[in-house]
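>>> okay, here's the prediction I keep looking at, along with the sequence it came from:
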Amino acid sequence: MDWEKHGVKIIRAGELDPNTPQTPGMTRAAAITHARTGATKLWAGTVVVQPDAKTGPHHHGELETVLYLVRGRARMRWGEKLEFSGEAGAGDFIFVPPFVPHQEINAKRDEPCECVVVRSGQDPIVVNLDLESPEPASSGLGETPFHPHRQ
C-alpha cells in the first residue's frame, strides 16, 4: 500500500470548497468529499449562518447530519410546519435525522454561528422546501470568517 498517497489527508482552512449546494441564509463549504480525499461513506465541511440570519427550510434526503457548534448560538426549527425548536451553543452537537424538514437560525444578532458539519453519505443532498416558517428566512449581514477569502 502506498500510505503516502492513500493515507491521512489534511485539508487546510483556506482549501475548503464552496461549490456545494447552498440554502439561502447560510454558506456551506466542503472539506471531506470523495473527489477531494477519497472518502466513500461520509461528507464533512463547514457552515456559517450570518448574525440574525434564518435559513430557508430544507432537508438532506436519506442522509444523517451532525453539526458541531464552534462559535455562536443556533436555534433549530423542525417538523412538517417547523413547529418544534431548540437551541445549542458553542461545544454542543446537533443531530438531524434523514428527511427531517429543518431551518437553522442564528440566535445572535452580533456574531456568526459557525459549525462543522458531517453527513453520512457523499451525495450533496440539499432539498430546499417551500414551507412557511414561524421565523421567515432572512440573509443577515456580514463576512463569513470561518471561510477565509481565497487569493
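Here it is on my side, so go on.
>>> and the spatially most central residue of the chain, how far from E4?
In the chain, the residue lying closest to the centroid (CA atoms, centre = their mean) is V47, at 3.8 Å. Distance, V47 to E4, using CB to CB, to the nearest Å: 32 Å. Placement of C-beta: from N, CA and C, glycine included.
>>> same question, A31
20 Å.
>>> is the residue nearest to the centre of the chain bridged to anything, and to what?
Assessed by DSSP bridges, V47 has beta-bridge partners R28, C115.
>>> now for it: which residues touch it?
M26, T27, R28, A29, L67, E104, E114, C115, V117 (CB atoms under 8 Å, 6 or more residues apart in numbering).
>>> mind putting the residues you listed in TSV, pLDDT, neighbour count and distance to P97 included?
TSV is the format used below for the contacts of V47 (pLDDT from 0 to 100; neighbours: other CB atoms under 10 Å; distance: CB to CB, whole Å):
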residue	pLDDT	neighbour count	distance to P97
M26	84	25	19
T27	89	18	24
R28	90	21	19
A29	93	20	23
L67	96	21	13
E104	93	25	15
E114	96	21	23
C115	96	27	17
V117	96	20	15
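>>> among those, give me the pair with the biggest separation.
The largest separation in those, counting by CB to CB, is between A29 and E104 at 15.0 Å.
>>> remind me which residues of this structure are low pLDDT?
Where the chain drops to pLDDT under 70, the residues are 141-151.
>>> for it, just list every one of the strands.
Using DSSP state E, the strands of the chain run over 26-32, 43-49, 58-59, 65-71, 73-78, 84-89, 93-96, 102-106, 113-119, 127-128.
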